[in-house]
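>>> Starting from these lines, generate the structure:
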Amino acid sequence: MAEERQSPALVGRQRETELLASAVAQAEGNGVGSALLLRGEAGVGKSTLLAWAERAARERGFTVLRAVGAEAETDFSFGSLHQALWSLLQRSKVLSAHQREALESAFGARAGTPSGFAVGAATLALLAEAAQAAPVLLALDDLHWIDSSSATVFAFLRRRCAELPLVIVGAGRPDGPAAQTWSADPVDVAGLPPADATALLAACYPELAAATTDRVLAEAAGNPLALVELPRQLADAQRRGIAPLPDRLPLGRNLERMFAERLGAVTPAAARLLLMGALATGTDFSSRVPQLGAGFADALERIEADGLARLDAGGRLVFRHPLVRTAVISAASDAERRAAHRALAGSLPQQDPRRLVHEAAAAQLPEEGLAHRLQEVGRGLAARGGDAEGALLLERAAALSPDPADRARRLTWAAVMAARGGQLRHTAALVEELKAAPVPTDVAPLFAYAVVYADQSHHIDFASSATLLPGVLDRLTAPGADTFGLVEQAFFKLLLAATYTDDPWAWRALERHREHVSEAGRLCLRAWTDPGPGVAEALRAVTAGMTQEQEAGAAWLLLWTASALDSPEGDLWRRSTGLHSYATQGSVAKAKCHQDYLLGHWDQAEVCRREAEIADELGYHCNALMFRQYHAHFLAGRGDEAGLREVERIIRPAATRARMRFVLDRLAHLRGLAALAHGRYEEAYALFGELTPPGRLAGGPPWHHALVFDLVTAAVYTGRREEARAHVAAGAAAGSAEISGRHAFLLAAAAALAAEDEEAEAAYQRAYAVPGAERWVFDLARLRLAHGSWLRRRHRPGAREVLRAAHHAFRRLRAEPWARRCEEELRAAGDSVAPPTSPEAAGLTGQELRIARLAATGLSNKEIGQLLQLSPRTVGAHLYKVFPKLGITSRAALGHALGGD
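Numbering: from 1, shown residues only. Here you go, the predicted model:
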């Protein structure tokens, strides 16, 4: 075997190391945290970059925490979180008793079933305590093998890390579940470019002949692991160019085979040690292999000498590369793997859940006792927030069940747990498996819920919702019935189906079961059926009366209620950004996308589009459809009709097939809004009139009330003032202004457009005076455009100021058709709208131009400073110089002054 080569210092990777160094420096200098995901194929160098980040952080005095995902540990809830935090928890002095109990229960150190919210909050508090002494780096390797419960906590930390000097760096493969944890853009780690690949190869193998070097470079294709390992398999004469090379060098997936060939040279004792290390879970591995006896030290010495693995300070067998672990397991026979699992099980206490998993893996025949124990542990994991891991144990229990009925019961529970844990594709597969045989009647409601869950979220099919859920609710709410804890969830799923499809059977069933759900459930139904006075206030009251854990449990209902009302008051979506699987986080993200549109945060439109792609990757196709519909709002507001048509091309077929009137009607509204942007008022009026006839607002979904401003605008500009006034009157009679603050503003804005000349100015002022009017950036800019145009045409003072304010808002939103109309009005008012000043002609320095462009996107001084590693005060000083150079006086004018950059 070739002599062991030491890996050289990191070669190349300037882009990646600059990003990592920037994140570390930002946490150290400004106390602002960030998160990065290094994503790439096996062997591309993610772990090396992660190690570089750890060294850089330690050199700056950071506390470095580390967790490594392992295929053998994906079944254990909070296992990776335990790796990262256990040492901190033991040293903590400020955690409350409740927080300590939550973490210790999650880690299995004490009995108890903490809520997911409690674990997330306690984790954040523990890291905040550590960050008081020094900044913290949390390094997460092999994210694709981190257990789902830990991944959910890390996702929670990623969303909150900016609050602390905390840097989170994860590394995972593109095909892993990292997208569920990291919705931000990943840092894709590609192969090394030729120059860097050559330098790495020369550093590792300076004696390599030129022809051999060229061959290795060509077949490694920039993969650093291949560059290091391929020459290792060659004979010395082949490396020196004396002997011919083989026809084909092992590459890509064959790297695993390469490691397997190296395994063939190890002793039987070393092979057993490697296999047990590959299958083992947790730390202190060295104390769990007594059967090797005196041979343990010799076997370990041989393994370390061969560069296959090493025993770290915590007693954990750390493999040279994940492919070594995979090769070890693949090379073993079934009998050898079962024997290793039996040995590992025997080394663990009876009550340790890991022992049970090893026993299950070692079992060959069905065994009810083992299946029952797996079931109980699985339910315990789910109660502690580990639904995904609990589902895996229930599925194993099903496989070990001698009785087909028990097998079906356990698979049904596995399907529901997988759905709750965000493993939707797996739920859909289990449902299809269960359909092949009768399901016991005692779990029929549970199975029906799983069917509906998969149909709605994965297949975008709501037919089963109306046919199954009314009966499920009838049965679950019968006296003495086992509710399975599903009444509220089944009610919400039925409400979602009714909202999307307007199915009358679904609405009737919801009314029948109104009193069987919580106040939050009743309020959500009321918001979508009778959004009259007091609903928004009731939402605030219900939310205020909840504990954080109660609010987390009711997140779906509360967010859907707020969506019905166009009511982002209190940042409900932000408070719901706690510890949840993707199943709930998808609802949170949809609420945020909707709020970003309403509040003028249109720089987040691309985030909304990316959320659609993530949802599709995870199998949540209904979420993907809804994210694209929300993204279409931004496109319509900007008048981007080509983009709107493309979104409609993607989502209309599925929405039509599922009879999603909610989506189809919204698409018609958005086509009308885009027509308004381009001045095609007749077309817009026809589209809006199909949704809500002028002068009629009785019944219908609450969002129809929000059409009042759009319909009245189209009516006024097509000469239909009587219809416009009739619709304003209908809105007032229907109590539109009482639904929410946005509805109040839209009705007041519509009334101003429709008012007689002698009343118009007062009506405009009343609209501006609606509390919170400034929050609705796009709607307010449209009102100002209409007001400025009205003032100009009547030669009244103030037109220019109003139009300039509208123009600045439209430019910031990148709503170009609306901005051009402002420019036309300003020119007509005698205000020469100068073309955007060239940054070069204005004499901006490179740094000033970078800051100005970032500020034009709506970023704050603090956010710009975080990106450029400057203090907010320095950013402000640069902008102070930029404004006079560009001839502007406010940030709002930056976009126009920079030519729309």
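>>> Show me what the helix or strand harbouring residue 751 is packed up against.
Taking DSSP states H and E as the definition, one finds residue 751 inside helix 741-754. For helix 741-754, the elements it packs on are helix 708-717, helix 721-733, helix 757-768, helix 777-793, judged by 3 or more Cβ pairs under 8 Å, 6 or more residues apart in numbering; DSSP states H and E. Using the backbone N, CA and C atoms, a C-beta is placed for each residue, glycine as well.
>>> which one of the ones you listed lies closest to residue 58?
Residue 58 lies closest to helix 777-793 among the helices and strands packed on helix 741-754, at 45.1 Å (Cβ to Cβ).
>>> I'd like the distance from that closest one to the chain centre, please.
Per Cα atoms, centre = their mean, to the nearest Å, the displacement of helix 777-793 from the mean C-alpha position of its chain is 37 Å.
>>> which strands and helices sit next to it?
Checked by 3+ Cβ pairs under 8 Å, 6+ apart, helix 777-793 has helix 708-717, helix 741-754, helix 757-768, helix 799-813, helix 816-828 packed alongside it.
>>> Give me the buried positions along that helix.
Neighbour counts over helix 777-793 (16 or more other Cβ atoms under 10 Å) mark 777-792 as buried.
>>> same question, stretch 53-70
53-54, 56-57, 60, 62-65, 67-70.
>>> now for these, which pair is the farthest apart?
It's 60 and 70 that sit farthest apart of those, by Cβ to Cβ, at 28.9 Å.
>>> Run through the neighbouring helices and strands of the helix or strand where residue 343 lies.
According to DSSP H and E, residue 343 maps onto helix 334-346. With contacts taken as 3+ Cβ pairs under 8 Å, 6+ apart, helix 334-346 sits against helix 268-279, helix 353-362.
>>> What residues of that helix count as buried?
So, applying 16+ other Cβ under 10 Å, buried residues of helix 334-346: 337, 338, 339, 340, 341, 343, 344, 345.
>>> go on, stretch 514-522?
Result for stretch 514-522 [16+ other Cβ under 10 Å]: buried residues 516, 517, 518, 520, 521, 522.
>>> Just the ones of those residues in helices?
Among the buried residues of stretch 514-522, the members found in helices (DSSP state H) are 520, 521, 522.
>>> how close does the first one sit to residue 533?
Think residue 520. Per Cβ to Cβ, to the nearest Å, residue 520 is found 19 Å from residue 533.
>>> what does the last one give?
Here the distance between residue 522 and residue 533 works out to 16 Å (Cβ to Cβ).
>>> now the second one
Plainly put, residue 521 is 20 Å away from residue 533 if you go by Cβ to Cβ.
>>> Then residue 13?
Taken as Cβ to Cβ, the span from residue 13 to residue 533 is 60 Å.
>>> Look at the two and report which has more neighbours.
residue 13 (18 against 11; other Cβ atoms under 10 Å).
>>> surely the more buried one meets residue 49?
Yes - under the criterion of Cβ atoms under 8 Å, residue 13 makes contact with residue 49 at 6.3 Å.
>>> Need the overlap of contacts for the two.
Residues touching both residue 13 and residue 49 by Cβ atoms under 8 Å, 6 or more residues apart in numbering: residue 189.
>>> JSON lines please, covering the helices and strands packed on helix 334-346 and showing mean pLDDT.
Formatted as JSON lines, the helices and strands packed on helix 334-346 follow (pLDDT from 0 to 100):
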{"stretch": "helix 268-279", "mean pLDDT": "86"}
{"stretch": "helix 353-362", "mean pLDDT": "85"}
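>>> Turn these into a markdown table, including mean neighbour count and distance to residue 442.
Rendered in a markdown table, the data for the helices and strands packed on helix 334-346 read as follows (neighbours: other Cβ atoms under 10 Å; distance: least, Cβ to Cβ, whole Å):
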| stretch | mean neighbour count | distance to residue 442 |
| --- | --- | --- |
| helix 268-279 | 22 | 36 |
| helix 353-362 | 21 | 25 |
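>>> Return the per-residue confidence for residue 720.
With respect to pLDDT, residue 720 has a value of 94.
>>> hmm, back to that, out of the ones in helices among the buried residues of stretch 514-522, which is nearest to residue 474?
Residue 474 has its nearest neighbour among these in residue 521, at 16.2 Å by Cβ to Cβ.
>>> Check the gap between that closest one and residue 527 for me.
Relative to residue 527, and taking Cβ to Cβ, residue 521 is found at 11 Å.
>>> And residue 716, by the same measure?
Counting by Cβ to Cβ, the gap from residue 716 to residue 527 is 30 Å.
>>> and if you look at residue 808?
Computed as Cβ to Cβ, the residue 808 to residue 527 distance reads 34 Å.
>>> if you count what's nearby, which of these two comes out ahead?
Remark: of residue 808 and residue 527, residue 527 carries more neighbours, 27 against 22, as counted by other Cβ under 10 Å.
>>> got the contact list for the more buried one?
For residue 527, the contact set (Cβ under 8 Å, 6+ apart) comprises 535, 539, 560, 561, 564, 565, 702.
>>> So what does residue 311 look like in phi/psi?
For residue 311, the backbone dihedrals (degrees, to the nearest 10) come out as phi -90, psi 120.
>>> what are the bridge partners for it, then?
Following DSSP bridges, residue 311 is listed with bridge partners residue 317.
>>> Tell me if I'm right that it and residue 297 touch.
No - in this structure residue 311 lies outside contact range of residue 297 using Cβ under 8 Å: 10.2 Å.
>>> Those two - which one has more neighbours?
Neighbour comparison, residue 311 and residue 297: the larger count goes to residue 311, with 17 against 11 (by other Cβ under 10 Å).
>>> Would you mind measuring from that one to residue 274?
From residue 311 to residue 274 the distance is 12 Å (Cβ to Cβ).
>>> got it, and residue 479?
The gap separating residue 479 from residue 274 is 59 Å, by Cβ to Cβ.
>>> again, but for residue 92
For residue 92, the distance to residue 274 equals 36 Å [Cβ to Cβ].
>>> Likewise for residue 266?
For residue 266, the distance to residue 274 - Cβ to Cβ - is 7 Å.
>>> which residues do these two both contact?
303, 308.
>>> pLDDT wise, what is the closest residue to residue 812 other than its chain neighbours at?
The shortest distance from residue 812 to any non-neighbouring residue, by Cβ to Cβ, 6 or more residues apart in numbering, is to residue 895 (5.3 Å). With respect to pLDDT, residue 895 scores 70.
>>> so which helix or strand takes in residue 895?
Using DSSP H and E, the element containing residue 895 is helix 894-897.
>>> now do residue 238
Assigning secondary structure by DSSP H and E places residue 238 in helix 236-239.
>>> what's in contact with that helix?
By Cβ under 8 Å, 6+ apart, the list of residues contacting helix 236-239 reads 2, 205, 207, 208, 209, 212, 231, 243, 244, 245.
>>> What are the buried residues along it?
238, 239.
>>> Compare the helices and strands packed on helix 741-754 and report which one is nearest to residue 30.
helix 777-793 (28.4 Å).
>>> Just the C-alphas of the closest one, formatted as PDB.
Output in PDB follows, covering the C-alpha atoms of helix 777-793 (Å, rounded to 0.1, in the frame of the first residue of the first chain):
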ATOM      1  CA  VAL A 777     -46.400  51.200  -0.200                       C
ATOM      2  CA  PHE A 778     -47.700  50.200  -3.600                       C
ATOM      3  CA  ASP A 779     -51.400  51.100  -2.900                       C
ATOM      4  CA  LEU A 780     -50.400  54.400  -1.400                       C
ATOM      5  CA  ALA A 781     -48.200  55.200  -4.500                       C
ATOM      6  CA  ARG A 782     -51.100  54.500  -6.800                       C
ATOM      7  CA  LEU A 783     -53.300  56.800  -4.700                       C
ATOM      8  CA  ARG A 784     -50.700  59.500  -4.900                       C
ATOM      9  CA  LEU A 785     -50.400  59.100  -8.700                       C
ATOM     10  CA  ALA A 786     -54.200  59.500  -9.000                       C
ATOM     11  CA  HIS A 787     -54.200  62.500  -6.600                       C
ATOM     12  CA  GLY A 788     -51.300  64.200  -8.300                       C
ATOM     13  CA  SER A 789     -52.900  63.700 -11.700                       C
ATOM     14  CA  TRP A 790     -56.200  65.200 -10.400                       C
ATOM     15  CA  LEU A 791     -54.400  68.200  -8.900                       C
ATOM     16  CA  ARG A 792     -52.400  68.800 -12.100                       C
ATOM     17  CA  ARG A 793     -55.500  68.700 -14.400                       C
END
